[in-house]
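**Q** what follows is a protein structure lacking sequence information:
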């Protein structure tokens, strides 16, 4: 048993194509990858919203004026 | 070089490794910038010099004996004697270790391995900044760069190494042979060295010691990424025929191979490098809640976690493995810091050591049963062999020598700088010299000007 379909390299490389593990699972792997990517955006949106909500209440008007002057 | 094809292949291979060496120099530039950026102003010059002097010290010792170890030790000492035939050709007095028109490969191949040696030493250098004596670190640099890592390379990163033959050990882009060993070594040293003053509050709570220059640190890690491209290319043999490999591969199709002479391609590792970098960056951003430096380091940790199998993985596998590794490594770093009060100044033990170990074990499962070598009779890749390999890299060849040598240095009183020097800063004396020199030259210039200017009459 081998996850990439080759248990040894006694082959003619002219006849060899993919050598990655779990060939045939490309679509499920893509779905898993896309879920990871979309989940990242979801987590990021939620976290940033929380952060911005906290941040908008943190400002000291004098400090904000100084920051504006600093450019 | 008889025949045009042989000549072309030889010159191409010579140039290929030469280019990788130039790229890999950027890893060291990046480590220097990262360390200086992470250190406080009072320690800059010493931090920089500590890492710069790794270059000549590891280079000359790697010429004198490191390269010989690689060729002589593949079966030594557990499964055979020293390989004198291969070893002798790589001794410093061998004619192939010099300008020699019948051997155009040894120099560039030696240099590619040497740049890995610098990296191993530089990883240790980062974790011990601001309190180790430079002289102590330079001994460690020689040991990790020209002895311990190259023994592990002979055993597990050589087409005839015993770990490859009997364990099916597979570590194509050095998760274990560079990163796990260097992380383990750094852990051994910092356990003896102790934390920087102020790192832990009296109740044991760790304090953050922020970098003095985040931009320098950022450019540093981006240079490390860039150098890592060269590192990946350097781990391959660019073009070789089945006849030259002389293993089980049939036919006449040439291929690129990994260090074990098993087939892969530059295209494959380009896919996987970028996808594992991206998986690492994304996971690190989430797990560290957007901390810039952990995110950047997470990119590196993602690549390192996937590196053991990046010659064979599918790109999505590389991405998910990189992401998984980063989450574990981040959590483990803070748990170890709190539990054992260890001060790993740049997170090197975690980013390199834990990622490397995890990467080896994951590769054992994902590549289970795949051939580790093109030669007959070698064990195939498996989780047990990979786990034993990870223990050898991190603990046996990494942690143990680092801890033992640091203990000896501590007993001799030559490991750590005095407390007074740590507080006033390692550059204090140089700062005084600088200010004195500045005052002196300003006074001299003023005196010269005064002598030249004649008052108006």
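**A** Nice, I can see it. This is a predicted model, so every value here is computed, not measured.
**Q** need the residues that contact stretch B:78-89.
**A** The contact list for stretch B:78-89 (CB atoms under 8 Å, 6 or more residues apart in numbering or on different chains) reads B:68, B:71-76, B:94, B:96, B:162, B:166. Yep, even glycine has a C-beta here, placed from its N, CA and C like the rest.
**Q** list phi and psi for the closest residue to chain A within the stretch 301-450 of chain B.
**A** Closest contact between the stretch 301-450 of chain B and chain A, by CB to the nearest CB, is at residue B:369 (3.4 Å). Here is the backbone geometry of residue B:369 (degrees, to the nearest 10): phi 90, psi -10.
**Q** which helix runs longest in chain A?
**A** helix A:26-55 (DSSP state H).
**Q** centre of the chain to it, how far?
**A** Mean-position distance between helix A:26-55 and its chain equals 8 Å (CA atoms, centre = their mean, to the nearest Å).
**Q** buried sites along it?
**A** Under the neighbour-count criterion of 16 or more other CB atoms under 10 Å in any protein chain shown, helix A:26-55 has A:29, A:33, A:36, A:40 buried.
**Q** any weak-confidence spans in chain A?
**A** For chain A, no stretch is flagged by pLDDT under 70.
**Q** I'd guessed residue B:197 sits against residue B:422; true?
**A** Yes: because the distance of 5.6 Å satisfies CB atoms under 8 Å, residue B:197 is recorded as touching residue B:422.
**Q** and chain A, which residues reach chain B?
**A** A:1-4, A:6-16, A:19-22, A:26, A:29-30, A:32-33, A:36-37, A:40, A:43-44, A:47 (CB under 8 Å from any CB of the partner chain).
**Q** ranges for the helices of the stretch 151-300 of chain B?
**A** B:162, B:181-193, B:214-234, B:242-245, B:266-287, B:292-307 (DSSP state H, counting those that start in this stretch).
**Q** as JSON lines, the ones you listed with mean neighbour count, distance to residue B:376 and mean pLDDT would be great.
**A** JSON lines is the format used below for these (neighbours: other CB atoms under 10 Å in any protein chain shown; distance: least, CB to CB, whole Å; pLDDT from 0 to 100):
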{"stretch": "helix B:162", "mean neighbour count": "20", "distance to residue B:376": "16", "mean pLDDT": "98"}
{"stretch": "helix B:181-193", "mean neighbour count": "28", "distance to residue B:376": "29", "mean pLDDT": "98"}
{"stretch": "helix B:214-234", "mean neighbour count": "20", "distance to residue B:376": "28", "mean pLDDT": "96"}
{"stretch": "helix B:242-245", "mean neighbour count": "16", "distance to residue B:376": "12", "mean pLDDT": "96"}
{"stretch": "helix B:266-287", "mean neighbour count": "23", "distance to residue B:376": "24", "mean pLDDT": "98"}
{"stretch": "helix B:292-307", "mean neighbour count": "28", "distance to residue B:376": "27", "mean pLDDT": "97"}
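**Q** show me the one of those helices that comes nearest chain A.
**A** Going by CB to the nearest CB, the one of the helices of the stretch 151-300 of chain B nearest chain A is helix B:266-287, 5.2 Å.
**Q** contact partners of stretch B:213-232?
**A** Taking contacts as CB under 8 Å, 6+ apart, the residues outside stretch B:213-232 that touch it are B:19-38, B:115-116, B:119, B:173-174, B:211, B:269, B:273, B:277, B:292-293, B:296-297, B:299-300, B:303, B:310.
**Q** can you say which of these are buried?
**A** Buried among the contacts of stretch B:213-232 (16+ other CB under 10 Å): B:20-21, B:23-24, B:26-28, B:30-38, B:115-116, B:119, B:173-174, B:211, B:269, B:273, B:277, B:293, B:296-297, B:299-300, B:303, B:310.
**Q** which residues touch the nearest residue to residue B:394 once chain neighbours are set aside?
**A** Among residues not flanking residue B:394 along the chain, residue B:184 sits closest, at 3.8 Å (CB to CB, 6 or more residues apart in numbering or on different chains). Applying CB under 8 Å, 6+ apart, we find residue B:184 in contact with B:349, B:353, B:393-395, B:397-399, B:402.
**Q** of those, which is the nearest to residue B:5?
**A** Closest approach to residue B:5 among those (CB to CB): residue B:393, at 38.6 Å.
**Q** is that closest one in contact with residue B:178, as I believe?
**A** No: here residue B:393 does not reach residue B:178: they are 9.0 Å apart, not a contact under CB under 8 Å.
**Q** common neighbours of those two, please.
**A** residue B:356.
**Q** so for those two, which residue has more residues nearby?
**A** residue B:393 (35 against 28; other CB atoms under 10 Å in any protein chain shown).
**Q** residues in contact with the more buried one?
**A** Per CB under 8 Å, 6+ apart, neighbours of residue B:393: B:152, B:156, B:176-177, B:180-181, B:184, B:356-357, B:360.
**Q** for residue 29, which non-adjacent residue is spatially closest?
**A** Chain wasn't specified; assuming chain A. Of all residues not flanking residue A:29 in the chain, residue B:316 sits nearest, at 4.4 Å (CB to CB, 6+ apart).
**Q** actually it's chain B I care about, not the one you picked
**A** residue B:223 (5.3 Å).
**Q** roughly how far does that neighbour sit from residue B:30?
**A** 3 Å (CB to CB, to the nearest Å).
**Q** again, but for residue B:442
**A** Taking CB to CB, one finds residue B:442 at 36 Å from residue B:30.
**Q** what count of nearby residues applies to residue B:448?
**A** Residue B:448: 10 neighbours (other CB under 10 Å).
**Q** now do the host helix or strand of it: distance to the chain's middle.
**A** Taking DSSP states H and E as the criterion, residue B:448 maps to helix B:428-452. Mean-position distance between helix B:428-452 and its chain equals 42 Å (CA atoms, centre = their mean).
**Q** same for it, what does it pack against?
**A** Contact partners of helix B:428-452 among helices and strands, from 3 or more CB pairs under 8 Å, 6 or more residues apart in numbering or on different chains; DSSP states H and E: none.
**Q** need the contact partners of that helix.
**A** Applying CB under 8 Å, 6+ apart, the contact partners of helix B:428-452 are B:42, B:45, B:421, B:425.
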